[in-house]
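Asks: Attaching a predicted model along with its sequence, questions to come.
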Amino acid sequence: MKYSIMTFLLLTTQFVTAQITWAKSSSNLILTKTINLFEGTAVGSPSVIDDSDTLKMLYAAGGTDTKGRISYAYSLNGTTWSKYNNATPVFDVGGTGNWDSHFLDTPDWLKDGTGYKMYYFGDNDNNAAGGAIGLATSNDGINWVRSSNQPILLPGNPGEWDGLYIESPSVLYDGVSYFMWYSGIDTSYQVKIGVATSPDGINWTKYAGNPVIDGGSIYSWEGFSIATPTIIKRNNQFEMWYCGVSYYDILDNNTVDTIKIGYATSTNGLNWTKHPANPVMSTYDNPYNINESRGPWTPDVVFRPLENKYYMWYETAYGFGLATANDNFLPTNQINSSTEIFNLYPNPFSSSTTLQTDNFLNNATLTVYNSFGQTVQQIKNIYGQTVTLSRDYLPSGLYLVRLTQDNKVIAIDKLVVSD
């Protein structure tokens, strides 16, 4: 076996700006509609998961028959996408008379121990206000079955903040509970964000403190609408990106053509703090061209730890855009001021690997993250200059390793597990 030694160096302050500094891709637009029956009108609402080093996207497709369906695409780099089966939808409208018989939209999906779950907006009359959120399941992410013939989350009562209809679910399973954040619309057509929780992803209870985020003052950049959230969880913190629209955005020509994205954080998914630098992205951020019109809308964010990078896909009038942001792994005061070097050998490894440092470790912690940013292994209270990391049933693939001491990052880099 060939042994390779990885050198791990200090994290620097280049990560400080991170999630609030987004750069649009020079490859935009990265996916556009196909001129056929199923998506000849428009594509929208991208939802991406990072699954076994492949980025998989469900998205809404507006057909020339005025119906909305759900389609699928995949990518290895987030920029170049292949549509499944010549852009034929993987999930169609319900049968005649069903609650979702006319239009499907705003899908969001996840993968848990039972397979894939997709949550989506559905209605039976796209020319009238209304609609709810349904659930479908799949073993492969392509062949979908409705969980029942009824929605799993309904609008509120007339007069409530979400009493007209609900849409744009963003669903997360943190290993204990399922969370669903969603857009709620009232009879004044003002949009706010609420949350529901579930023990199984099927039976949901709305949070009594809803809405959890609203636009605040009517004069603010998000005073008219705060909608279409996307949420991830990293380092025991929920991170949300959402769309904001002001009254000024629609007063000029009665069209929402200037959209901005805000960022907020939470420790429990219920109580949120908006970032003081909001908005963090807007329609006219460079590079801007006509393809960015009516975007960025319905953002979806994935963090890829092996790249230390956030990816955001979003809807525009003409297709999907992509923006990226560097990792803000830790605040400035948690970044060490001196260089630490350590080696892992062997790397790749199949059963165990040994970490050796130049300096003596005192109560250090070694954490291993998978490609979803989830902690899969952790060794605490490390003393000395060596520690052995066992495979412990980790699947083969790439991982991120982080060494910390005194709440400061000493080093971080990649680790390969082989069969």
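Replies: Perfect, I can see it now.
Asks: Pick out the residue closest to the middle of this structure.
Replies: residue 301 (3.4 Å; CA atoms, centre = their mean).
Asks: got a list of what that residue touches?
Replies: By CB atoms under 8 Å, 6 or more residues apart in numbering, the contact set of residue 301 is 230, 232, 239, 241, 310-312. No exception for glycine: its C-beta is placed from N, CA and C like everyone else's.
Asks: try 10 Å this time
Replies: By CB atoms under 10 Å, 6 or more residues apart in numbering, the contact set of residue 301 is 19, 22, 48, 170, 230-232, 239-241, 261, 263, 310-314, 323, 325.
Asks: Quickly list what residue 72 is bridged to.
Replies: With DSSP bridges as the criterion, residue 72 is bridged to residue 58.
Asks: That one contacts residue 56, correct?
Replies: Yes - if you go by CB atoms under 10 Å, residue 72 and residue 56 touch, sitting 7.2 Å apart.
Asks: Now for the two: what residues contact both?
Replies: 84, 141-142.
Asks: quick one: buried residues of stretch 124-143?
Replies: 124, 131-138, 141 (16 or more other CB atoms under 10 Å).
Asks: Tabulate those in TSV, adding columns for secondary structure.
Replies: Compiled in TSV, these are given as follows (DSSP: H, G, I helix; E, B strand; the rest coil):
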residue	secondary structure
124	coil
131	coil
132	strand
133	strand
134	strand
135	strand
136	strand
137	strand
138	strand
141	coil
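Asks: Residue 29: which of the residues you listed is nearest?
Replies: Closest to residue 29 out of those is residue 141 (23.4 Å), distances taken as CB to CB.
Asks: For residue 49, see how far away that closest one is.
Replies: 8 Å (CB to CB, to the nearest Å).
Asks: which residues are in contact with both of these two?
Replies: Counting by CB under 10 Å, 6+ apart, the residues touching both residue 141 and residue 49 are 56, 58, 109, 111, 116.
Asks: Which ones among those residues map onto strands?
Replies: If you go by DSSP state E, the shared contacts of residue 141 and residue 49 have 56, 58, 109, 111, 116 in strands.
Asks: contacting residues around the fourth one?
Replies: By CB under 10 Å, 6+ apart, the contact set of residue 111 is 49-52, 56, 117, 138, 141, 173, 372.
Asks: Max pairwise distance over those: which two?
Replies: 138 and 372 (18.5 Å).
Asks: re the thing from before, now, of the ones in strands among the shared contacts of residue 141 and residue 49, which are buried?
Replies: 56, 58, 109, 111, 116.
Asks: Name whatever forms a beta bridge with the fourth one.
Replies: Beta-bridge pairing for residue 111 (DSSP bridges): residue 116.
Asks: how near is it to residue 79?
Replies: Residue 111 is 22 Å from residue 79, by CB to CB.
Asks: Same check on the third one?
Replies: When distance is defined by CB to CB, residue 109 is 21 Å away from residue 79.
Asks: Around residue 55, how many other residues sit close by?
Replies: Residue 55 has 20 neighbours, counted by other CB atoms under 10 Å.
Asks: For my notes, confirm residue 250 occurs in a strand.
Replies: No - read with three-state DSSP, residue 250 is helix and lies in no strand.
Asks: Can you report how many residues neighbour it?
Replies: Residue 250, neighbours per other CB under 10 Å, totals 15.
Asks: Using CSV, write out the CA atom coordinates for stretch 311-319.
Replies: Below are the C-alpha coordinates for stretch 311-319, written out as CSV (Å, rounded to 0.1, in the frame of the first residue of the first chain):
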residue,chain,number,x,y,z
TYR,A,311,-23.7,26.8,-3.4
MET,A,312,-27.0,28.7,-4.0
TRP,A,313,-29.2,27.9,-7.0
TYR,A,314,-32.1,30.3,-7.6
GLU,A,315,-34.9,31.0,-10.1
THR,A,316,-34.9,33.9,-12.6
ALA,A,317,-37.4,34.7,-15.4
TYR,A,318,-35.3,32.7,-17.8
GLY,A,319,-33.9,29.8,-15.9
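Asks: Can you point out the buried residues in the strand ranked longest in the chain?
Replies: Longest strand in the chain by number of residues (criterion: DSSP E): strand 352-369. Neighbour-count burial for strand 352-369 flags 353, 355, 357, 361, 364-369 (criterion: 16+ other CB under 10 Å).
Asks: Could you dump those residues into TSV and include distance to residue 187 and pLDDT?
Replies: Below are the buried residues of strand 352-369 laid out as TSV (distance: CB to CB, whole Å; pLDDT from 0 to 100):
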residue	distance to residue 187	pLDDT
353	60	91
355	60	85
357	63	82
361	61	87
364	57	89
365	52	91
366	54	89
367	48	88
368	50	87
369	45	81
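Asks: Packing partners of the helix or strand harbouring residue 70?
Replies: Using DSSP states H and E, residue 70 sits in strand 68-75. Contacting strand 68-75 under the criterion 3 or more CB pairs under 10 Å, 6 or more residues apart in numbering; DSSP states H and E are the following elements: strand 42-51, strand 54-62, strand 82-83, strand 103-112, strand 115-123.
Asks: For the first one, what does the pLDDT average out to?
Replies: When pLDDT is averaged over strand 42-51, the result is 96.
Asks: Now do that strand: distance to the chain's middle.
Replies: Computed by CA atoms, centre = their mean, to the nearest Å, the chain-centroid distance of strand 42-51 equals 10 Å.
Asks: That strand pairs with which strands?
Replies: Strand pairing for strand 42-51, determined by DSSP bridges: strand 54-62 (antiparallel).
Asks: got the angle for the strand it pairs with vs strand 115-123?
Replies: On the basis of axes from the mean of the first three to the mean of the last three CA atoms, to 10 degrees, strand 54-62 is oriented at 20 degrees to strand 115-123.
Asks: Give me the pLDDT for the closest residue to residue 374 other than its chain neighbours.
Replies: In space, residue 374 comes closest to residue 175 once its chain neighbours are excluded; the distance is 7.9 Å by CB to CB, 6 or more residues apart in numbering. On pLDDT, residue 175 comes in at 91.
Asks: Sweet, I'm off.
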